[in-house]
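Colleague: After the sequence you'll find the predicted model.
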Amino acid sequence: MGVGAIELLKDLVSIKSENPGCYEYEIADFISHLLKKHDIEYEVIYSGNKRVNIVGFLYGESDHVLILNGHLDTKPAKGNWRTDPYTPVIKNNKLYGLGASDMKGGLAAMLSAVIRSKGKKLKGTINFQFVADEEMNSEFGMKYLVKNGYIKNGDFAIVGEPTNLKVATRSLGNLWLVIKVRGRKAHAGMYWEGISAIDRSIEIIDEIKSSIRKYRYKNDPEISNFPNVNVGYINGGFHPGTVPDYCEFSIDIRFRSEQEREIFKDMVNKTVTRILFKYDCECEIEPFGGGDMFAWDLASFENIDRYLDLIDQSYYAIIKQAAQKCVFLGGSDASSLVYDLGIPTVIIGPGSLKQAHNNNEWVFIDEVVNASKIYEEIISRWE
């Protein structure tokens, strides 16, 4: 049990916390023992079977609260890995392993910074939140904690999702839907007697993609290839000789502003209704997982310059340069902090979304080390 960021990252990668799968119990147990060893105040909060969250504090001279937030879970290890996804491997300044980038690298950096800050005279209070279920939109994590009053307030928040140590000051929102199409079964030799649920699903997908593409943000270079529609899965049929009467698929729509959410949801509903009406089909549209994550922009808050100055000063102290700004393209628990609690939030973490949810996931060792030092510097300057 080391307290250096890389040693901690090795430990965390070695512990399975897949979602869905074995979930967060073991990794939360490891972290809680480590916090207890270093006499750091924390609470373990169970939100379901093997669903575990940890919320704790380092108290300072003022009651101004800085939140450090990171998630414990990873996507499942699927696909062809060149190494064991649960055995950390270091090669060419990279650490390979499941969750290395998303976001056990950020989690290790935060945890290491919290432990090193214990016992120091802090000007402000630090509230660390190591939470469950972010990978499935946080029903058993942040949404549970906020709903049940475990997290109530804060002055500023940093989420440790992977940004290559850039500072994400805004984030796309997502709309996750499951669409279930019911056609009519028939023998393939008399296909005209049936209605193929798969063919109708393909038609729906094509039209939704075409419609959404017209809204591309051509004047916003960082996100000019959004909004976008991703089909996450599609299931239907059972035999090549049968016209399938059922098909189910999921879609992810990513967009810049919450004002667009209802526009795109309505667009999906109208597209599905119009296509299926032509073929006398039935359909159900349902939300996927624990609900959506919201688009947000730090610029919507007042008096944020002092927080950005704090970050820049901390960056200069550690890496001798100002922090670069970016847009975060994934969902994150910043959504709950901003929308449910009204807390100005940024995302800063080691790693990249290019490696997240991917085989042979990795993170630069230097980024994890620097992230931990930057977090520690921010903690020391917070007041």
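Modeller: Great, that's in hand. Residues are numbered from 1 along each chain as shown.
Colleague: List the contacts of the residue most central in space within the chain.
Modeller: Centroid check for the chain by Cα atoms, centre = their mean gives residue 332 as the closest residue, at 3.5 Å. Remark: with contacts taken as Cβ atoms under 8 Å, 6 or more residues apart in numbering, residue 332 is in contact with 134, 159, 161, 171, 293, 347. The C-beta positions use only the backbone N, C-alpha and C, and glycine is treated the same way.
Colleague: hang on, the first one packs against residue 74?
Modeller: The reference is to residue 134. No: proximity of residue 134 to residue 74 does not meet the contact threshold set by Cβ atoms under 8 Å, at 9.6 Å.
Colleague: Give the residue spans of the stretch 201-350 of the chain that score low on pLDDT.
Modeller: Scanning the stretch 201-350 of the chain with the threshold set as pLDDT under 70 gives 290.
Colleague: Closest to residue 197 out of the contacts of residue 332?
Modeller: Proximity of the contacts of residue 332 to residue 197 was ranked by Cβ to Cβ; the top entry is residue 293 with 29.4 Å.
Colleague: Buried ones in stretch 167-175, by neighbour count?
Modeller: Counting neighbours by 16 or more other Cβ atoms under 10 Å, one finds that the buried residues in stretch 167-175 are 167, 168, 169, 170, 171, 172, 173, 174, 175.
Colleague: Mark which of those residues are part of strands, please.
Modeller: When these are checked against strands using DSSP state E, the ones located there are 167, 168, 169, 170, 171, 173, 174, 175.
Colleague: so what's the first one up against?
Modeller: When contacts are counted by Cβ under 8 Å, 6+ apart, residue 167 is found next to 308, 311, 323, 324, 325, 326, 346, 347, 348.
Colleague: circling back: which two in the contacts of residue 332 are spaced the farthest apart?
Modeller: Farthest apart among the contacts of residue 332 by Cβ to Cβ are 134 and 171. That separation is 13.2 Å.
Colleague: Am I right that the residue nearest to the centre of the chain falls within a strand?
Modeller: No: assessed by DSSP: H, G, I helix; E, B strand; the rest coil, residue 332 does not belong to a strand; its assignment is coil.
Colleague: sorry, back to before: what is in contact with residue 134 and residue 171 at once?
Modeller: Contact with both residue 134 and residue 171 is made by residues 331, 332, according to Cβ under 8 Å, 6+ apart.
Colleague: sorry, back to before: adding distance to residue 15 and pLDDT, write the ones in strands among the buried residues of stretch 167-175 out as JSON lines.
Modeller: Conversion of those to JSON lines gives the following (distance: Cβ to Cβ, whole Å; pLDDT from 0 to 100):
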{"residue": "167", "distance to residue 15": "29", "pLDDT": "98"}
{"residue": "168", "distance to residue 15": "27", "pLDDT": "98"}
{"residue": "169", "distance to residue 15": "32", "pLDDT": "98"}
{"residue": "170", "distance to residue 15": "33", "pLDDT": "97"}
{"residue": "171", "distance to residue 15": "28", "pLDDT": "98"}
{"residue": "173", "distance to residue 15": "31", "pLDDT": "95"}
{"residue": "174", "distance to residue 15": "28", "pLDDT": "93"}
{"residue": "175", "distance to residue 15": "32", "pLDDT": "95"}
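Colleague: Which other helices and strands does the longest helix along the chain contact?
Modeller: Using DSSP state H to define each element, the chain has its longest helix at helix 261-279. When contacts are defined as 3 or more Cβ pairs under 8 Å, 6 or more residues apart in numbering; DSSP states H and E, helix 261-279 packs onto strand 173-182, helix 197-213, strand 246-255, strand 282-287.
Colleague: Helices along this protein, start to end?
Modeller: Assignment of helices within the chain using DSSP H yields the ranges 5-13, 25-37, 105-117, 142-147, 197-213, 261-279, 305-319, 334-335, 365-381.
Colleague: what's near enough to touch the nearest residue to residue 49 once chain neighbours are set aside?
Modeller: Taking Cβ to Cβ, 6 or more residues apart in numbering, and ignoring the residues beside it in sequence, residue 49 has residue 23 as its nearest neighbour in space, at 7.8 Å. Remark: with contacts taken as Cβ under 8 Å, 6+ apart, residue 23 is in contact with 17, 49, 50, 51, 52, 73, 132.
Colleague: Of the residues you listed, keep whichever come out buried.
Modeller: With neighbours counted by 16+ other Cβ under 10 Å, these contain buried members at 17, 50, 51, 52, 73, 132.
Colleague: Kindly reformat the residues you listed as JSON lines containing distance to residue 259.
Modeller: Supplementary listing: the buried ones among the contacts of residue 23 in JSON lines, determined by distance: Cβ to Cβ, whole Å:
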{"residue": "17", "distance to residue 259": "35"}
{"residue": "50", "distance to residue 259": "38"}
{"residue": "51", "distance to residue 259": "33"}
{"residue": "52", "distance to residue 259": "36"}
{"residue": "73", "distance to residue 259": "30"}
{"residue": "132", "distance to residue 259": "30"}
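Colleague: Show me the residues you listed that map onto strands.
Modeller: Within the buried ones among the contacts of residue 23, residues falling in strands by DSSP E are 51, 52.
Colleague: Tell me the one of the buried ones among the contacts of residue 23 nearest residue 200?
Modeller: For residue 200, the nearest member of these is residue 73. The distance, counting by Cβ to Cβ, is 34.9 Å.
Colleague: Torsion angles phi and psi at that closest one?
Modeller: Listed backbone geometry of residue 73 is phi -90, psi 160, with angles given as degrees, to the nearest 10.
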